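> Okay, sequence plus prediction incoming.
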Number of protein chains: 2
Amino acid sequence: MNVQLHDSVHLANADGALARLVARMRTEIPLAAAMDLRPGTHAHGMLSLHAPLAPNINDKGCAFGGSLASLLTLSGWALVELELEARGLHCEVFVQDSTLRYVAPVWGELHAIAHLDEGEHWDDFFAVLSARGKARVQIRASIESAGEPAALLQARYVARLPRST
Amino acid sequence: MNVQLHDSVHLANADGALARLVARMRTEIPLAAAMDLRPGTHAHGMLSLHAPLAPNINDKGCAFGGSLASLLTLSGWALVELELEARGLHCEVFVQDSTLRYVAPVWGELHAIAHLDEGEHWDDFFAVLSARGKARVQIRASIESAGEPAALLQARYVARLPRST
C-alpha cells in the first residue's frame, strides 16, 4: 500500500515535470508547437512524447521524415533533461550525433519512446558529469506503427554544467 | 558564347523545377511551410535549400536540431526527385536511413547543400532502377555556419517506379 502510494506520487511528479518541459519546448521551439508536440509519460527510465498526424503529414499522406526525426530526437533530449532535473542539476543538453532508420511508414498518431541504450548507465553519466563538468550518454528511441517498429533512433547527447557551478 | 547561353538556360530550368518542387512541398508538408522552406539552386549535381532562423530556433537561440535534420533530409530528397524528373521519371522517393553529426550550433539562416556521396553514380542508380523498378542512392548534405561545417548528413534514399509502368 505504501509502495503503491509512493509510486503514484513519483509518477505524478515525473509526468508533471514532463508536462512543464513540453510546455516550455512549445513556447521556445516554434517547430515543436507546429508539430503539436504533446507529453506522454516519464517512468521506469522510459520517456514518451506524442504528436498528431495532421500537422506532421508528408506528400504521401503518412508521417513526414523530418517530424519522425524531430520527435525521436526531442524524446531523447527530454529524457536527459528530466534525469538531470530529478537530481537538481541544470545543464545545457544538446544532441551530438544520431543514426536513424526509417523502417515503415507511420499512418497514424506519432508516439516516440526513449530510453538508455544498452550498456549505458545513468550512474556513470552523472559520475563523469560531476568529475569533468561534461558527459555524454547514448539514447535509443523508437516510433511504432501498428505494433511494429517504424522508426529507430540511436543518438548521443552531451550535457554540460554551467561554468559558474 | 553559345555555351554560356546554354548553361544559363539549363540553370534557369533547373531552378524553376526546384522552385515548383518547394512550392509543392510547402503545400503538402505542413512542417515544410512551418519551417518557411525556400528553394536555393540545382546545378552541377548540387542542390540547395534554405530556411530563415526565426521559425527554426530552439530554446538556446540557435537552430533547432529537428530543423537541421529536416532541412538536410529534404535537400537530399529534393535532389533525388529532380534527378528523376530531369529524366522524365516519376517515382516514389523515400529516405531509408541517415546518420547526422551536429558539429556546431547554427546562429543564422539555414543553408543546406546536397550532393551524391563519394563512390555513387547516377548512371548506376538509373540502371538499377530501370532493371529492377527500385534503386538506392547515398547522398551527403551539409549545413555550414560562418564558413565551417555545422551539421553533416549521410542518408540513403530509395526510389520506386510505379508498378503500372
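Happy to help now that I have it.

> CA only for contacts and neighbour counts going forward, please
Noted.

> residues in chain A within reach of chain B, list them.
When proximity is defined as Cα under 8 Å from any Cα of the partner chain, chain A approaches chain B at A:25, A:28-31, A:34-35, A:55-59, A:64-67, A:69-71, A:73-74, A:95-103.

> what's downstream of the helix or strand of chain A with the lowest mean pLDDT, the next helix or strand?
Counting by mean pLDDT, DSSP states H and E, the weakest-scoring helix or strand in chain A turns out to be helix A:2-28, with a mean of 71. Of the helices and strands lying after helix A:2-28 in sequence (DSSP states H and E), the nearest is helix A:30-34.

> Neighbours of the residue nearest to residue A:34 when sequence neighbours are not counted, how many?
Once flanking residues are discounted, residue A:34 sits nearest to residue B:34: 6.5 Å by Cα to Cα, 6 or more residues apart in numbering or on different chains. Residues lying near residue B:34 (other Cα atoms under 10 Å in any protein chain shown) number 18.

> ok, now how distant is residue B:34 from residue B:104?
Shown here: residue B:34 relative to residue B:104, a distance of 23 Å by Cα to Cα, to the nearest Å.

> mind checking which helix or strand the residue nearest the centre of chain A is in?
Taking Cα atoms, centre = their mean, the centroid of chain A lies closest to residue A:75, which sits 1.8 Å from it. Element membership for residue A:75, per DSSP H and E: helix A:65-86.

> So for that helix, mean pLDDT?
Per-residue pLDDT over helix A:65-86 has a mean of 97.

> you'd agree the residue nearest to the centre of chain A is up against residue A:48?
Yes: contact criterion Cα atoms under 8 Å: residue A:75 and residue A:48 qualify, at 6.4 Å.

> Show me the common contact partners of these two, please.
A:112-114 (Cα atoms under 8 Å, 6 or more residues apart in numbering or on different chains).

> for those, which one is nearest chain B?
residue A:112 (14.2 Å; Cα to the nearest Cα).

> give the contact list for the closest one.
A:48-50, A:71-72, A:75, A:141-144.

> And for residue A:136?
A:125, A:156-159.

> Just give the number of residues close to the residue nearest to residue A:67 when sequence neighbours are not counted.
Distances taken as Cα to Cα, 6+ apart put residue A:56 closest to residue A:67, at 5.8 Å, once the chain neighbours are dropped. Counted by other Cα under 10 Å, the residues lying close to residue A:56 total 24.

> Likewise for residue A:114?
28.

> The host helix or strand of it: partners in the sheet, and parallel or antiparallel?
Assigning secondary structure by DSSP H and E places residue A:114 in strand A:110-116. Strand A:110-116 pairs in its sheet with strand A:46-51 (antiparallel), strand A:134-145 (antiparallel), by DSSP bridges.

> now those strands as CSV including mean pLDDT?
Shown next, in CSV, are the strands paired with strand A:110-116 (pLDDT from 0 to 100):
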stretch, mean pLDDT
strand A:46-51, 97
strand A:134-145, 97
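
> Redo the ones you listed as CSV? Include distance to residue A:17.
Formatted as CSV, the strands paired with strand A:110-116 follow (distance: least, Cα to Cα, whole Å):
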stretch, distance to residue A:17
strand A:46-51, 11
strand A:134-145, 20
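
> Quickly run through the sheet partners of the following helix or strand past the helix holding residue A:75, with directions.
Using DSSP H and E, the helix or strand that directly follows helix A:65-86 along the chain is strand A:92-102. Within its sheet, strand A:92-102 is paired with strand A:148-160 (antiparallel), strand B:92-102 (antiparallel), according to DSSP bridges.

> what is the orientation angle of the first one with helix A:65-86?
This means strand A:148-160. 50 degrees (axes from the mean of the first three to the mean of the last three Cα atoms, to 10 degrees).

> ok, residues contacting strand A:148-160?
Counting by Cα under 8 Å, 6+ apart, A:68-69, A:72-73, A:76-77, A:80, A:91-106, A:117, A:129, A:133-144 sit against strand A:148-160.

> Any idea how many residues pack against residue A:41?
Using other Cα under 10 Å, residue A:41 has 19 neighbouring residues.

> And it, how close does it get to residue A:87?
18 Å.

> Kindly report the same for residue A:150.
Residue A:150 is 33 Å from residue A:87, by Cα to Cα.

> Who has more neighbours out of these two?
residue A:150 (17 against 9).

> re earlier: just the contacts of residue A:136 now: which is nearest residue A:16?
Nearest to residue A:16 among these is residue A:159, at 22.2 Å by Cα to Cα.

> Can you tell me the closest non-neighbouring residue to the closest one?
residue A:93 is the one closest to residue A:159 (Cα to Cα, 6+ apart), at 4.4 Å.
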